[in-house]
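> Just to be clear, the model below is a prediction. Sequence and coordinates:
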Amino acid sequence: MNKWFFRTIGLIIVAAMAAAVSILPDSQLLLAVDQTRIPAYVVITSPEGTTNQITFADTLVKAVDEAGIALGEYDLLSLPDETALEPGHEYAVTITRRSRVTLTWSGFELDTSSEVISMGDLMSRSGFSDLDLSDGSRIEQNKTDSAVVDGGEIAYVNVDKKEVRTYETIPFSTVYIDDATLYEGKTAVKTEGQNGQRALVFEETYENGVFISSVQVRTEIITEPVQQVIRKGTKKKIVIAAINARTANSKVVSSFNKIKDLLIKNGNANYQAFADNGNGTITVDGRTFEYIEVKKRTITMYDGLECCLQKGCHTPAINHNTASGISAQRGLVATYGYRENGKVIGTALPLGATIFIEGYGLAVVADVHGVSSNPNLIDACYDAGEINSGAVTWGKRYKRVYILSLP
């Protein structure tokens, strides 16, 4: 049946009621016209088709229900649900089918409704399809693009990546180098070591502000460490033993016999020509000697007769002997010594050691002095009377001393 049929039926009913009213007296008019018996006419249009409904329902939503048309929670009527239906009036209503749609933006969820469209159209309408996802952010959906939205969900997951640095120390390394100027067992720092610093760079990933992971991506050197360089002594130690009177004389005599014929009186010196060859050797009057050590020392002078004159121990004064028993003379020197447990100990050089003093010449350690304030001092000996006569004028000087051999 079409709407014209329902309209015709409605008009017939209305006409019959009007005729009945015309033959009734005025006092009975209100009783004769029963408004509840006059229907309303409703035309309902939905995606499923058009339905014509004659109804005595008092509201639009009840009329739609009488027509057997189910309404979803999110369906939309073109007229308010509670529109009152007046008897004899005609109403046209359109039903728009809509489904629930959940849109999630960076963790914030919004429930809304939409006409039944494809997921692709929904993406376009929501603006999600225009988002820049080059930073790793993504769109998640619970249906394919071709599916019709029905409780569809679209979520924008904001991916944020941050670089985080953790700093740590780079320990310096240490290297040792041999140094012939230091005694064995001794060390000295040539270059101070310094720690470096580096940064471990991690990439942290957050999704919608929630921490997901951390991955190390690189290492950055802030400051390079400085290697520590330590000098390690390789020079042999000179062991100073107590003076043994039984052996000291023979050691001194043996060493002195090797140089006494090389001594040439030349004022304060015992040589005419000297050169340091720069290779661990020296040349004295054409003779070359290897040396163990070279160091500047304070040099003073004495002779055996002068010592006796100063002490006044003999009349007339005599030339004293050295601690080794040999008479004081050119080519002999005294090193610092002290007494310990009744024994005389040379603390600088042992008796019998052969040396060369710049400006004085070859010499053998044969005596001791007591200048404790300067144990490295060497007292150079001259022949008896040379100091008193003024033949030598050495005084006190600071010269290089080469150690040529040890007993």
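Noted; the coordinates are in hand. Residues are numbered from 1 along each chain as shown.

> wouldn't Gly72 be in contact with Arg98 here?
Yes. With contact defined as C-beta atoms under 8 Å, Gly72 reaches Arg98; the gap is 7.2 Å. C-beta here means a position set from N, CA and C on the backbone, and glycine is covered the same way.

> what about these two, which has more around it?
The neighbour count for Gly72 versus Arg98, taken as other C-beta atoms under 10 Å, is higher for Arg98 (18 against 14).

> my guess is that one meets Leu71, correct?
No. Between Arg98 and Leu71 there is no contact, the gap being 10.4 Å when judged by C-beta under 8 Å.

> now the helices for the chain?
3-22, 29-32, 60-66, 119-126, 245-259, 304-311, 386-389 (DSSP state H).

> Comparing these by mean pLDDT, which bottoms out?
Mean pLDDT across these is lowest at helix 29-32; the value there is a mean of 43.

> pLDDT weak spots in this structure?
Confidence mapping of the chain against pLDDT under 70 gives the ranges 1-36, 106-126, 143-151, 236-247, 339-347.

> give me that answer again for 50
1-2, 6, 14, 17-18, 20-33 (pLDDT under 50).

> max-length strand in it?
Across the chain, the strand with the greatest residue count (assigned by DSSP state E) is strand 210-223.

> From the contact counts, what lies against that one?
In terms of contacts (3 or more C-beta pairs under 8 Å, 6 or more residues apart in numbering; DSSP states H and E), strand 210-223 is packed against strand 159-170, strand 196-207.

> Put together TSV for those strands, with mean neighbour count and distance to Lys296 on each row.
Putting these into TSV (neighbours: other C-beta atoms under 10 Å; distance: least, C-beta to C-beta, whole Å) gives the following:
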stretch	mean neighbour count	distance to Lys296
strand 159-170	12	42
strand 196-207	15	40
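
> which stretch among those strands comes nearest Gly304?
Closest to Gly304 of the helices and strands packed on strand 210-223, according to C-beta to C-beta: strand 196-207, at 65.0 Å.

> Relative to the whole chain's centre, how far out is the closest one?
Mean-position distance between strand 196-207 and its chain equals 11 Å (C-alpha atoms, centre = their mean, to the nearest Å).

> try stretch 41-56
The answer for stretch 41-56 is 78 Å, by C-alpha atoms, centre = their mean.

> Pull out the buried residues from that stretch.
For stretch 41-56, burial by neighbour count (16 or more other C-beta atoms under 10 Å) applies to 41-42, 44, 46, 51-55.

> what do you get for stretch 287-303?
289, 291, 293-294, 297, 299-303.

> May I see the residues you listed organised as TSV, with distance to His369 added?
Output for the buried residues of stretch 287-303, formatted as TSV (distance: C-beta to C-beta, whole Å):
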residue	distance to His369
Phe289	25
Tyr291	23
Glu293	20
Val294	21
Arg297	12
Ile299	12
Thr300	8
Met301	11
Tyr302	8
Asp303	13
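
> out of these, who's nearest Val64?
Distance to Val64, by C-beta to C-beta, is smallest for Glu293 among the buried residues of stretch 287-303, at 119.4 Å.
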